[in-house]
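K.L.:
only the shape, not the letters, is given here:
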């Protein structure tokens, strides 16, 4: 298993002209430290995860913006991941009603 550290989010305006708040970054860090967050290719749920994020923290950038630094584990072909008694899991969406829910990801805007 390869251990990585990467910036995964920040408060700068992105290519879609969207901007995260520092509070949303704090929520992300809380989830990173409570759950395993899958590392996927291009956010595509049809492809299996290539790793998982296991923790994270917020730091201020030199330009005054904020960023989330996440620690992750990239899976390698010979890895054996012990199941053990770990209380962490990958969170699943919870829907309180019985309606159909449609989700959109900017990455799927073209074929």
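P.N.:
Received, thanks. Owing to the predicted nature of the structure, the values given are computational and were not obtained by experimental measurement. Numbering: from 1, shown residues only.
K.L.:
tell me what the one helix or strand in the chain whose mean pLDDT sits lowest is packed against?
P.N.:
Ranked by mean pLDDT, DSSP states H and E, the weakest helix or strand in the chain is strand 37-39, scoring a mean of 91. Packing partners of strand 37-39 (3 or more Cβ pairs under 8 Å, 6 or more residues apart in numbering; DSSP states H and E): strand 51-60, strand 66-74. All C-beta atoms are positioned from the backbone trio N, CA, C, and that covers glycine.
K.L.:
ends of stretch 40-53, what's the gap?
P.N.:
10 Å (Cα to Cα, to the nearest Å).
K.L.:
for that stretch, the averaged confidence score.
P.N.:
Mean pLDDT, stretch 40-53: 86.
K.L.:
same check, this time on stretch 102-110
P.N.:
In this model, stretch 102-110 has an average pLDDT of 66.
K.L.:
distance check, the most centrally placed residue in the chain against residue 3.
P.N.:
By Cα atoms, centre = their mean, the mean C-alpha position of the chain lies nearest to residue 37, the distance being 5.1 Å. Counting by Cβ to Cβ, to the nearest Å, the gap from residue 37 to residue 3 is 15 Å.
K.L.:
OK, contacts around residue 89?
P.N.:
For residue 89, the contact set (Cβ atoms under 8 Å, 6 or more residues apart in numbering) comprises 35, 36.
K.L.:
with mean neighbour count and distance to residue 41 added, can I get the helices and strands packed on strand 37-39 in a markdown table?
P.N.:
Formatted as a markdown table, these follow (neighbours: other Cβ atoms under 10 Å; distance: least, Cβ to Cβ, whole Å):
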| stretch | mean neighbour count | distance to residue 41 |
| --- | --- | --- |
| strand 51-60 | 16 | 10 |
| strand 66-74 | 18 | 12 |
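K.L.:
can you lay out the ones you listed as JSON lines showing distance to residue 13?
P.N.:
Shown next, in JSON lines, are these (distance: least, Cβ to Cβ, whole Å):
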{"stretch": "strand 51-60", "distance to residue 13": "17"}
{"stretch": "strand 66-74", "distance to residue 13": "13"}
